[in-house]
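In: Just the structure for this:
(4 chains)
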4 protein chains.
Amino acid sequence: MSSNWGNHIKLSIFGESHGPSIGMVLDGLPAGEPIDMEQLRAFMDRRRPGKNRMSTPRSETDEPHILSGIYRNHTTGTPLAIEIYNRDTHSSDYAQMDHVARPGHADYTGHLRYCGAQDPRGGGHFSGRLTAPLTAAGGIALQILARRGVSVGAHIASIGPLEDQLFDPVSLSAAILAKPGQKAFPVLDDSAGESMQQLIETCRASQDSVGGVVECGITGFPPGIGSPMFDGLENRFASLLFGIPAVKGLEFGAGFDAARHFGSQMNDPFTIQNSTVQTKTNHHGGILGGISSGMPILFRVAFKPTPSISRQQETVDFQKMESVVLSIRGRHDPCIVPRAVPCVEAAAALALLDAWMEKTK
Amino acid sequence: MSSNWGNHIKLSIFGESHGPSIGMVLDGLPAGEPIDMEQLRAFMDRRRPGKNRMSTPRSETDEPHILSGIYRNHTTGTPLAIEIYNRDTHSSDYAQMDHVARPGHADYTGHLRYCGAQDPRGGGHFSGRLTAPLTAAGGIALQILARRGVSVGAHIASIGPLEDQLFDPVSLSAAILAKPGQKAFPVLDDSAGESMQQLIETCRASQDSVGGVVECGITGFPPGIGSPMFDGLENRFASLLFGIPAVKGLEFGAGFDAARHFGSQMNDPFTIQNSTVQTKTNHHGGILGGISSGMPILFRVAFKPTPSISRQQETVDFQKMESVVLSIRGRHDPCIVPRAVPCVEAAAALALLDAWMEKTK
Amino acid sequence: MSSNWGNHIKLSIFGESHGPSIGMVLDGLPAGEPIDMEQLRAFMDRRRPGKNRMSTPRSETDEPHILSGIYRNHTTGTPLAIEIYNRDTHSSDYAQMDHVARPGHADYTGHLRYCGAQDPRGGGHFSGRLTAPLTAAGGIALQILARRGVSVGAHIASIGPLEDQLFDPVSLSAAILAKPGQKAFPVLDDSAGESMQQLIETCRASQDSVGGVVECGITGFPPGIGSPMFDGLENRFASLLFGIPAVKGLEFGAGFDAARHFGSQMNDPFTIQNSTVQTKTNHHGGILGGISSGMPILFRVAFKPTPSISRQQETVDFQKMESVVLSIRGRHDPCIVPRAVPCVEAAAALALLDAWMEKTK
Amino acid sequence: MSSNWGNHIKLSIFGESHGPSIGMVLDGLPAGEPIDMEQLRAFMDRRRPGKNRMSTPRSETDEPHILSGIYRNHTTGTPLAIEIYNRDTHSSDYAQMDHVARPGHADYTGHLRYCGAQDPRGGGHFSGRLTAPLTAAGGIALQILARRGVSVGAHIASIGPLEDQLFDPVSLSAAILAKPGQKAFPVLDDSAGESMQQLIETCRASQDSVGGVVECGITGFPPGIGSPMFDGLENRFASLLFGIPAVKGLEFGAGFDAARHFGSQMNDPFTIQNSTVQTKTNHHGGILGGISSGMPILFRVAFKPTPSISRQQETVDFQKMESVVLSIRGRHDPCIVPRAVPCVEAAAALALLDAWMEKTK
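Out: Here you go, the predicted model:
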């Protein structure tokens, strides 16, 4: 198995980087939801390759073709399928690399798992390109959630050692969440963003790459949704987010920092504000016992540096079982993090909608 | 839904902190596996409360009663059910707290989710006590994995600001993994452990609590197991680990630190050692593309401080909708981390066995 | 895997015929539902063995012990676990039969599936006794459905060649559905029931057994619930009903008879009655496209004769690989059908509640 | 939810009768399996419409376009996606029928379920046309099973009152199974087939339709595969087969006839033949306790008459809430059964492959 997800909505993703097309089927959506295709395109455009020099020069329009599930611009409630064509493929770039393991990639593990039958071109089904259908699915979910008052927004929290501001965990609002996504480089503090872009450019020039962290915030999600143990909101976010290539860490609220502190510091006192129960601080990140508390939901996702770098690397040919020196050709992002921001929002939206679609009465 | 997990094995956990018993059903196990009950008891004993002054004085023998699935000391292959009695319950401790939200707990969110019908005594189904059946299930999985050459071991990586050594990600061995679990306080460096215990004792004395990080390592897991996207090993670990109360973060391999570095630093060069493909470093934590690489698997789990502290805290009575000052009675651990170590091993074992039971041919 | 079921509620059944206990965990229930234990016992009593000479002389009180999920007589919404003790076990009856395949039983197939590690005593996990926890789960579901206006009732439609009346598919009512279950022998026509009982008694006397059909009806289930293709109501009923041992056939509405007729005969004309859309006839059995139509839901389940008969039978010892003549000892029902009636109602209730708990907006 | 299925392989079907295309994603396949596209086309051609006067004049080539999962003619092991274009759609046939419930169809129940947002053209997602991707998926599964020695074949057992021979449940062979599918009209006894075709032609002439039964047989499936209770082979077959529109009944082995007989007649004596355990008769239909016995697997599926008939029918406009007389235009099969034969084989193959892919050690 690999690419199925969900309890109350079901997502099935298909495709390979250099096949005819990639896509997804999303089942279990509420019926009668208007879908704005322009808005979906604009959202998907935020992760689209080829827009500027910071990302791979591979150019794809990534138009989402609706195959089913939308009729007269509304969801039908039956499976919604979207296909995205692969057009700008340079498979010859990969011709001689079938059995040379690119460090940091799944070439070797994929070869073992699929007994050598996997599609190796451009990483095949392991390619970061598979986040395009994930983003399409999430873009649909975002529109459905927005109609219910839920806002989802993410930004680049750090690139290498350079840090953006973080969201204020108590006063976060839909207006603040919307801002980073409207910028060409999705940060809160544009001067930090400038430095980050320079660092990424330096990486490109030095044939290197760099990692980073994405912070995601959610407001308007009603309290009392989710479940304890394995169907908690954290589990749902996690089960999707670790499906995005290069994700190596995830933390909610104070996260790893909570582990360094005392209960008297980390417990968020409850208080009554505007006749509703809230917390004065928000170290818990909006989730207690797997269930939303009504406070902003906050998490951070760590991305490792793009493993595809064009400088020479030591590796092995696992068929000949001999050492080789590899220079990766092909077109790659020196930093995947800017394009990952909408992917994180998409995953968040799918997790939230799945929890929303759990009937409790 | 809440307490069901698994694709190829299925775990169902039941019970409340102060009900007659807690337990679990584990379906899909291989048949004919010898189960050593003494070993299971010894494993479960590592998380048992009441052993020393560092944990809650609640005393439970936590004997795992086999209801089904084991015949003549071997798994039958049909559902294995284990029941653990609750004996030392002091429900009166919670009598007046039905509608007072303990900060950092799920009292309020659980009340909303279950419309006030949840069992509030001792946290009910949200209690950390529910990790006992998780540990029982994981203890079974550990024995089955051990027979296949897989070793799982965890230790306390940090308590508050105090740090243990970390596992060496390349030279990790079954022998090293086994050591911490044999100690009363599961660390690699006993002098660090001494300081940690003093800090925990200080927390108890000051009516406070403290968080920490658990590091888990796995050796002997064959390369080529797992799947891309949503059924990757990381996703499976995550979907279980975030079911352990108080877990707020999770990272694999270099984790969040990878996000601060460059590709040339983080890519692990492949090499041939003893006629097998290995990596010279192990920043990837033994998993590439969701699939095991054959290198040691490594992850770290962040636990927030125990939210139950006996010093006075501000909070609200969410029925009367008024502010109250709360002093939590009851018996609680000033630091949950030492007892969480076998829970993390248990969750790891279940995730690994689930992946192992995925047929690929 | 074996004994897990459900999409929106999750059922996990455990136990073996001669183990310490059998039981089930039911997760995903709505919270705050009052559960009447007397009513549950009365329902379970309808399938309990040892009540009269028509069933096995094995005597079990089959008291449902609530382990979790009910607090102050209401569902908590977290997993509901029930344990039923096995008391009157005569395992010595099975001592020498470990490798002799009882015809019509799963001894041989179970041996292959579980490599000889299965619990063979009394059929182990394959025993009809495992319908006790199914009935417990269904009894809970029935109470929840009743509160929503849904009635479920079944009766013996035939024993061998002897037939009861069938439910009227159009005028069926809750009052009619309730009647058979109140009788010691659950039929509509008591004179037919008398003949059936005589036939069963004749079977016992001649060391034989006999099969039969159970018809189940449902009223009050709202129209518009269910889904097309694989999550249709028929699929849900079927996936549970074929889990009851000895079930070999299932048909909805006109069923196999519809296959012998013409469209002009089988199409049910729609009409307006009491301002609601209804059908004049009900050959469709209340389900169209997997979705309830508002008409009574009707299906029939075929049970093969109890395979345990005490007359001599030819078979093989599959360990020694030689022919043997078998005389089954032990205590068995000459006809399982009367006790199967509440099991069918239980399965129906679980399928309906699962569909009810699917959120569509 | 609606159109997702499977435990060890995962099938997701999408599309509407008059949308741009229909298709499916099949995940969890073994890697490296050669797929013969000619053979797949030939198999799908058996259910294709427009081939002769007995089926709907709608003409579709139904070419299966591979979008992913096949590389160099072998399965990759990652999701296999197939798209089938809808070309010959006459949506105007349905223009005025949006709120008129066609008797025997899901128009009314679908309207309720999806709040009027469903695609009504040609039945939308409820259309029998959705069996094309099911057949594509099954055709892939059949090729994988054939390589493992498993043969699946079905034939028309009856049309209305007219009956074909049945498969011999003991001596059934791959050669016999293959024959009906090679004929234009898939029966065992061609003279019975002639009469059936005349009956179907009479139905067309009289603007009526007729139902029938399909019998499916399987040989070469190894003994010991499957599981008790809810993951039994019967449950798996059933959960797919009731997803085929118009299926109203299903029976295994002796089925409903077993319910009319005695245990001494229905128990199949075990015997040793060619050093393997077999049964002398096969009333159990090759499945005991949900697990294959090694004997031929046999089941029968009842199809109601095509509900679309062109003679006038009484019904209602459920928007105006008034009675109307309906004459269905559009292009429809007077008998769906001949085209359903490969659909039943496809469903059988998917259920078998799902069970095959369950790892037990």
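
In: And the residue of the stretch 201-350 of chain A closest to chain C?
Out: residue A:228 (6.8 Å; C-beta to the nearest C-beta). Just so you know, the C-beta spots here come from the backbone N, C-alpha and C atoms, and that holds for glycine as well.

In: Now for residue A:102: which residues touch it?
Out: Applying C-beta atoms under 8 Å, 6 or more residues apart in numbering or on different chains, we find residue A:102 in contact with A:307-308, A:313, A:315, A:326, A:328.

In: Please repeat the previous calculation with a cut-off of 7 Å.
Out: By C-beta atoms under 7 Å, 6 or more residues apart in numbering or on different chains, the residues touching residue A:102 are A:307-308, A:315, A:326, A:328.

In: do the one helix or strand residue A:137 maps to and chain D meet?
Out: Here residue A:137, judged by DSSP states H and E, is contained in helix A:131-147. No. If you take C-beta under 7 Å from any C-beta of the partner chain as the test, helix A:131-147 misses chain D, and the best it gets is 10.5 Å.

In: Let me know the average pLDDT across that helix.
Out: Helix A:131-147 shows a mean pLDDT of 98.

In: And that helix, what's buried?
Out: Buried residues in helix A:131-147, counted by 16 or more other C-beta atoms under 10 Å in any protein chain shown: A:131-146.

In: Briefly note if stretch A:71-90 comes near chain D.
Out: Yes. Judged by C-beta under 7 Å from any C-beta, stretch A:71-90 comes into contact with chain D through A:71, A:74-79, A:81.

In: from these, which two are the most distant?
Out: In these, the most distant members under the criterion C-beta to C-beta are A:74 and A:81, with 15.5 Å between them.

In: who has more neighbours, the two?
Out: residue A:81 (33 against 19; other C-beta atoms under 10 Å in any protein chain shown).

In: partners of the helix or strand harbouring that one, with directions?
Out: Residue A:81 is part of strand A:80-85 when elements are defined by DSSP H and E. The strands that strand A:80-85 pairs with in its sheet are strand A:21-27 (antiparallel), strand A:65-68 (antiparallel) (by DSSP bridges).

In: So for residue B:174, which of the ones you listed sits nearest?
Out: Set against residue B:174 and scored by C-beta to C-beta, these come closest in strand A:21-27, at 41.4 Å.

In: ok and that closest one relative to helix A:131-147, angle-wise?
Out: Orientation check (axes from the mean of the first three to the mean of the last three C-alpha atoms, to 10 degrees): strand A:21-27 against helix A:131-147 gives 30 degrees.

In: Please report how far residue A:178 lies from residue A:64.
Out: For residue A:178, the distance to residue A:64 equals 22 Å [C-beta to C-beta, to the nearest Å].

In: Between these two, which is the more surrounded one?
Out: The residue with more neighbours, out of residue A:178 and residue A:64, is residue A:64; 22 against 12, by other C-beta under 10 Å.

In: Would you state the predicted confidence (pLDDT) at that one?
Out: 97.

In: cool, the one 5 residues further on as well?
Out: Each residue has a pLDDT score; the one for residue A:69 is 98.
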